[in-house]
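S.K.: Provided below are the primary sequence and the corresponding predicted coordinates.
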Amino acid sequence: MVVIENLIKKYPDFSLNISLDIPEGRVSGLVGRNGAGKSTTIKAMLGLIRPESGSVRIFGKDAASLSVMDKETIGVALSDSGFSNYLTVKSIRKILKDMYSSFDEVFFDRLCRDLELPMDKPLKDFSTGMKAKLRVIAAITHKAKLLIMDEPTSGLDVEARNEVLDILRNYLAENEDCSILISSHISSDLENLCDDIWLINDGKLILHEETDSLLDRYGVLKVSEEEYEKLDQSHILAGRKEKYGWRLFTGEKQYYTENYPEIVIENGSIDDLILIMAGGVKK
Amino acid sequence: MKGLLMKDLCLSFQNSRTFILYLFISLFMAFSMDGSFIVGYTAMLMGMVAIGTVNYDEADNGFPFLFSLPTDRKTYIREKFLYCALLETAGALFGVVIWLVTSFLKGQTVDVAGELSFIISFVVSMYIAATAMIALQIRFGSDKSRLVLVLFYGVIFALALFLKKVEGAERFMHGIVSVLNQAPQLLIMLCISAVLIGIELLIYLFAVRTMEKKEF
């Protein structure tokens, strides 16, 4: 559904160089630290920036020249951009109705009611959570086949985050063919939602793994300097120096559990992935 | 385009106080001044409302989301130009109504046919100025575009002063005017129309090109 090939975008202080693909029905998470290139990747997918080279294809077509009909099947929620703060939910409903031929007004109203969004208040009087919920509602109420969500839960408290994620889960349950690319730096958001995870760091994808595999196979080894010296490091992907010694990220947790029963081994999480793979020393 | 028009309508009319203010200003102008000037004035006010929608779109980094919606950059510019035309026409019609009503109340007779060419030329000039302002706003942003407009008028003024000082320039201009006076009125109208359409086309192409080159 989405294929990015050798995409290169250069800025004076940053350059993006990635390839990724999202098949139909797949929920992919794009993780990385702030400034790693997540939003730039999404901007390239939406044709908002012009890459120096490479291609971004959505539904088999060049992303920058998608037709209006193609764009109608894409739902987008951006973390730092949305409808004008002077509009109300009621006026946004009118706009979406005129914008999308498949806009489901009843569904929109139901979601707004369920999430207690006031219809007549301008968005400038909304809380961050209310705005985030509205952005997601606007993205999923026109039967989109592809959802592109840039940090949809950024800046939200736990309750609001869960509500936003529940909306997405329910949408996925009812639309199994829908593909989603969701970027986030909050690991728990992605662990229960995504089929696979792409880790981006300094504009490059450094890891791609199925979420289940990541949580099952990957692990974090906590070792002292002495243990570190003796350890077989052939399955260590990256490490991070700590006060007590080393935190090491491995893709072969089982191997170390069997061969080094004395060392502390924890299950891998996306947080570890980001912290150690993106911030640590590569092995 | 329908969705974009709806967005602009919602944005323009969300602040009803502005329109009430415009209504009072227009009524005051219509009562205090004679003639059809008020028609061009109300058209100009509505042109300003249309220009304002670009500010709303630009505010709070709105463009990235706007262009993720089912539209494209060329359609965005077309919609802005169309919206501007619709609002200015509505403003002009409203102005005509105020003009007729206030003239009746003041006991003045109104020569609509006689004033028609003045009204049309005024409204068309306002439209060209408003779309030029939209194009400048897209190119330079709302703050810098005002500066560019002031600079533009400054250059025109300086050019006029310069021409006045150049020997023979005034005679040359008089020559042109006398040639125009002798030419058939229809031909002059056609020439002016062609020039205005050409200017508007250039403004449109400039706006489209600027928007298509932008990155968000």
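M.R.: Good, I have the coordinates.
S.K.: how about the residues of chain B by chain A?
M.R.: By the rule CB under 8 Å from any CB of the partner chain, the part of chain B lying against chain A is B:2-7, B:10-11, B:14-15, B:56-57, B:59-72, B:75, B:215-216. All C-beta atoms are positioned from the backbone trio N, CA, C, and that covers glycine.
S.K.: and the strands in the stretch 151-283 of chain A, which stretches?
M.R.: A:179-184, A:196-201, A:204-210, A:219-223, A:236-241, A:246-250, A:264-267, A:281-282 (DSSP state E, counting those that start in this stretch).
S.K.: those strands into TSV, with extra columns for distance to B:Y153, mean pLDDT and mean neighbour count?
M.R.: Formatted as TSV, the strands of the stretch 151-283 of chain A follow (distance: least, CB to CB, whole Å; pLDDT from 0 to 100; neighbours: other CB atoms under 10 Å in any protein chain shown):
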stretch	distance to B:Y153	mean pLDDT	mean neighbour count
strand A:179-184	46	91	25
strand A:196-201	49	90	22
strand A:204-210	50	89	17
strand A:219-223	67	89	22
strand A:236-241	61	86	19
strand A:246-250	64	89	24
strand A:264-267	69	88	14
strand A:281-282	60	60	12
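S.K.: which strand or helix spans the closest residue to chain A within chain B?
M.R.: In chain B, the residue that lies nearest chain A is B:G3 (3.0 Å; CB to the nearest CB). Using DSSP states H and E, B:G3 maps to helix B:2-12.
S.K.: pull out the buried positions in that helix.
M.R.: Of the residues in helix B:2-12, B:G3, B:L4, B:L5, B:M6, B:K7, B:D8, B:L9, B:C10, B:L11, B:S12 count as buried by neighbour count, 16 or more other CB atoms under 10 Å in any protein chain shown.
S.K.: what's it packed up against?
M.R.: helix A:89-99, helix B:37-58, helix B:73-105 (3 or more CB pairs under 8 Å, 6 or more residues apart in numbering or on different chains; DSSP states H and E).
S.K.: tell me the mean pLDDT over stretch A:58-66?
M.R.: Mean per-residue pLDDT for stretch A:58-66: 88.
S.K.: cool, stretch B:130-145 as well?
M.R.: 88.
S.K.: just the buried positions in that stretch, please.
M.R.: B:A130, B:T131, B:A132, B:M133, B:I134, B:A135, B:L136, B:Q137, B:I138, B:R139, B:S142, B:S145.
S.K.: and for stretch B:71-80?
M.R.: Of all the residues in stretch B:71-80, those buried under the rule 16+ other CB under 10 Å are B:T71, B:D72, B:R73, B:T75, B:Y76, B:I77, B:R78, B:E79, B:K80.
S.K.: I'd say the first one and B:K2 touch.
M.R.: No. Counting by CB atoms under 8 Å, B:K2 is not a contact partner of B:T71; they are 10.0 Å apart.
S.K.: common neighbours of the two, please.
M.R.: A:M99 (CB atoms under 8 Å, 6 or more residues apart in numbering or on different chains).
S.K.: quick revisit: what's the closest of the buried residues of stretch B:130-145 to A:L123?
M.R.: Nearest to A:L123 among the buried residues of stretch B:130-145: B:S142, at 19.9 Å, using CB to CB.
S.K.: if anything else comes up later, I'll come back, but that's it for now.
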